[in-house]
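Give me coordinates for this.
(2 chains)
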Amino acid sequence: EVQLVESGGGLVQPGGSLRLSCAASGFTFSNYWMKWVRRAPGKGLEWVANINEDGGQIYYVDSVKGRFTVSRDNAKSSLYLQINSLRVEDSAVYYCARGGHTRGHYDYWGQGTLVTVSS
Amino acid sequence: QSLLTQPPSVSAAPGQKVTISCSGSSSNIGSKYVSWYQQVPGTAPKLLIYENNKRPSGISDRFSGSKSGTSATLGITGLQTGDEADYYCGTWDDSLSIDVVFGGGTKLTVL
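Below is the predicted model of the structure:
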């Protein structure tokens, strides 16, 4: 059974940092693109970042470029998102998701971890 | 404001059928695959439909997807109270440096 379990969220002041983690199991992690997606309170889903199978291709939504860093450790079947210079508008539930075998869909998602940015 | 437009809410009675629309343009829905996701409050999003009309293993055939021109539709038959959730369409757009763009979401209420 495919499982994705996020952790690392919390309450942080504007300008602060957090490191989110996603532990994967039930599939060969190193064979898949992985994604971070967020859902802000009262809003819809927003793609945040992509990383390919070996970590050599990384992409971000414009609003987080220079502040967020996605990485992975295939030996540990884990995905990470380092989030720096946090803004109030970054408050959201952050989900990790697995890329589907063709472009344009994410076939498994985690339960999410809540990031709240507030003074 | 998302590139993909969904109705904010739809409702129907148990046992009935409901459709949820997702409207885009020629650079996204009109030329790309569409996917659909269900998110029950407090739970992980779940993939319902990919590549316009394919269901992943384990997804009930009460859920169906279709696409015509620059619009896509999710259909749900035999509505159950457990279908109450937010539903999102998704696709990509060559004019944007975004992996998948999602619709604004539709809240389904089963009356």
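
Every contact and neighbour count from this point should use C-alpha atoms.
OK.

Quick one: residues contacting the residue of chain A found nearest chain B.
Nearest residue of chain A to chain B (C-alpha to the nearest C-alpha) works out as residue A:111 at 4.4 Å. By C-alpha atoms under 8 Å, 6 or more residues apart in numbering or on different chains, the contact set of residue A:111 is A:4-6, A:95, B:42-45.

beta partners of residue B:10?
Beta bridges link residue B:10 to residue B:108 when assigned by DSSP bridges.

Pretty sure it sits against residue B:17.
No - contact criterion C-alpha atoms under 8 Å: residue B:10 and residue B:17 do not qualify, at 11.0 Å.

Out of the contacts of residue A:111, name the ones that lie in strands.
Those of the contacts of residue A:111 mapping onto strands are A:4-6, A:95, per DSSP state E.

Just the element for the residue positioned nearest the centre of chain A, please.
Chain A has residue A:36 as the residue nearest its centroid, 2.9 Å off, counting by C-alpha atoms, centre = their mean. Per DSSP states H and E: residue A:36 is located in strand A:34-39.

Which neighbouring elements make contact with the helix or strand containing residue A:23?
In this assignment (DSSP H and E), residue A:23 forms part of strand A:18-25. For strand A:18-25, the packing partners by 3 or more C-alpha pairs under 8 Å, 6 or more residues apart in numbering or on different chains; DSSP states H and E come out as strand A:3-7, strand A:78-83.

Could you dump the ones you listed into a markdown table with mean pLDDT, distance to chain B and mean neighbour count added?
Shown next, in a markdown table, are the helices and strands packed on strand A:18-25 (pLDDT from 0 to 100; distance: least, C-alpha to the nearest C-alpha, whole Å; neighbours: other C-alpha atoms under 10 Å in any protein chain shown):
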| stretch | mean pLDDT | distance to chain B | mean neighbour count |
| --- | --- | --- | --- |
| strand A:3-7 | 97 | 10 | 20 |
| strand A:78-83 | 98 | 17 | 20 |
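
Residue B:69 reaches residue B:30, doesn't it?
Yes - with contact defined as C-alpha under 8 Å, residue B:69 counts as touching residue B:30 (5.2 Å).

of those two, who's got more company?
Taking other C-alpha atoms under 10 Å in any protein chain shown, residue B:69 and residue B:30 do not tie; residue B:30 has more neighbours (18 against 12).
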